[in-house]
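>>> Sequence and predicted structure below; questions after.
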Amino acid sequence: MKRERFAWVTLVPTAWLLVCTLTAGFEKLFHPNPAIGFLAHAAKFGAAADAGQVLAPAKTLAEMQQVVFNDRVDAVLTALFIAVVLAMVFYGIVWIRRALATPRVTAHEAAVGAAATAASPA
């Protein structure tokens, strides 16, 4: 609607949300602490399973392999969600640039009030 001066009202919270979301996502993927990072946790349990050790909460070697598999699935899903967030940011920037480059209004408000209710079929 060509009201660029108010863009900061949505951009500031969006930037904060992106920083928090992406930081958490990358930490869950790549943090070296097994209590935080999925891949570090999978590596810890995988190494223990290869050595024949059983770590809590698993009670058998089969459960150890299940923990490793689950951690890897969680890592793949986390990477997928990070990719979705980055794609949304990329395409959002593309559409914002297109809207700013167009001299006409690119958003249209819906009719509200008595005129809208009278015009809509019951």
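Perfect, thanks for sending it.

>>> what number of residues lie near the closest residue to residue 32 other than its chain neighbours?
In space, and not counting its chain neighbours, residue 32 is closest to residue 40: 5.4 Å by Cβ to Cβ, 6 or more residues apart in numbering. Bear in mind the C-beta positions are built from the backbone N, C-alpha and C, glycine included. Residue 40 sits with 18 neighbouring residues when counted by other Cβ atoms under 10 Å.

>>> Residue 40 contacts residue 28, doesn't it?
No - the pair residue 40 and residue 28 fails to qualify as a contact (Cβ atoms under 8 Å) at a distance of 10.1 Å.

>>> what about the helices in the protein?
8-30, 38-50, 61-101, 114-119 (DSSP state H).

>>> Show me which helix or strand of this protein is least confident by mean pLDDT.
Every helix and strand of the chain was ranked by mean pLDDT, DSSP states H and E. The lowest is helix 114-119, at a mean of 58.

>>> that older thread, export the helices of the chain to a markdown table and append columns for distance to residue 108.
Conversion of these to a markdown table gives the following (distance: least, Cβ to Cβ, whole Å):
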| stretch | distance to residue 108 |
| --- | --- |
| helix 8-30 | 18 |
| helix 38-50 | 44 |
| helix 61-101 | 12 |
| helix 114-119 | 13 |
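
>>> Can you tell me which of those is packed in deepest?
Mean neighbour count, computed with mean count of other Cβ atoms under 10 Å, is highest for helix 38-50 among the helices of the chain, reaching a mean of 18.

>>> which residues make contact with it from outside it?
With contacts defined as Cβ atoms under 8 Å, 6 or more residues apart in numbering, helix 38-50 is touched by 28-35, 54-55, 58, 61, 64-65, 67-68, 71-72, 74-75, 78.
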